[in-house]
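Trainee: Sequence below, structure please.
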Amino acid sequence: MSEQSSTGPDDHRRLTELIGPVVEEAGLVLEDVALKPSGTGLVLQVLVDLPEDRTDSVDIDRIAEVARAVSDALDRDDPVPGSAYELEVSSPGATRELAEPRHWRRSLGRLVRVTPVEGEKFTARLLEVAQDGVVLQRSHQAKKGMPARLLDPERWPFDRVRRAKVEVEFTD
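Mentor: Down below sits the predicted model:
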């Protein structure tokens, strides 16, 4: 998020130092913070997530609680003096980009869509996450209507993965 923001390094640091402890106190992780132009004003975007040992999702009530706590902290110590902004607190969502090892750990057991540095995109089940890579298991369906066969698990170092994203699964 901060790559496209108007948040300078000092603003980003100041916002992170102010908002980070509030988010942590709520039992969440501060994923990112960015101050972005929006129409004639600014939007302060705060992205929060559950700790990496959790695989469930942040519910809307939890988002609302942390938004109130962040708003109170901003009212006490305005990190962007003289600027009016709208506060927006959210979570990464179901189809998050897997950019860091902790994102992969949060997605353990899920289907992921992988774009390797070399080769074709593929979908696989995330079985394990290590410091330097992941273990993925693809499946193969020989004919339409036939049950899929699980292939042997494959080890993928992070440096061989260009991009990865969680896939939404619909189950009966």
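Trainee: any idea which element residue 52 lies in?
Mentor: Secondary structure assignment for residue 52, by DSSP states H and E: no helix or strand.
Trainee: Please tell me I have it right and it contacts residue 102.
Mentor: Yes - at 4.2 Å, residue 52 and residue 102 qualify as touching, with contact defined as C-beta atoms under 8 Å. No exception for glycine: its C-beta is placed from N, CA and C like everyone else's.
Trainee: Quick check: the nearest residue to residue 41 once chain neighbours are set aside vs residue 49, distance?
Mentor: Once flanking residues are discounted, residue 41 sits nearest to residue 84: 5.8 Å by C-beta to C-beta, 6 or more residues apart in numbering. Plainly put, residue 84 is 27 Å away from residue 49 if you go by C-beta to C-beta, to the nearest Å.
Trainee: just residue 36 next, same as before
Mentor: Remark: distance between residue 36 and residue 49 (C-beta to C-beta) = 19 Å.
Trainee: between those two, which one's more packed in?
Mentor: Of the pair residue 36 and residue 49, residue 49 is the one with more neighbours under other C-beta atoms under 10 Å, namely 22 against 16.
Trainee: Mind listing the residues bridging to residue 97?
Mentor: Beta-bridge partners for residue 97, by DSSP bridges, are residue 165.
Trainee: Over to residue 116?
Mentor: With DSSP bridges applied, residue 116 shows beta-bridge pairing to residue 161.
Trainee: How many residues are close by residue 119?
Mentor: 10.
Trainee: Work out for me the element it sits within.
Mentor: Residue 119 belongs to no helix or strand when elements are defined using DSSP H and E.
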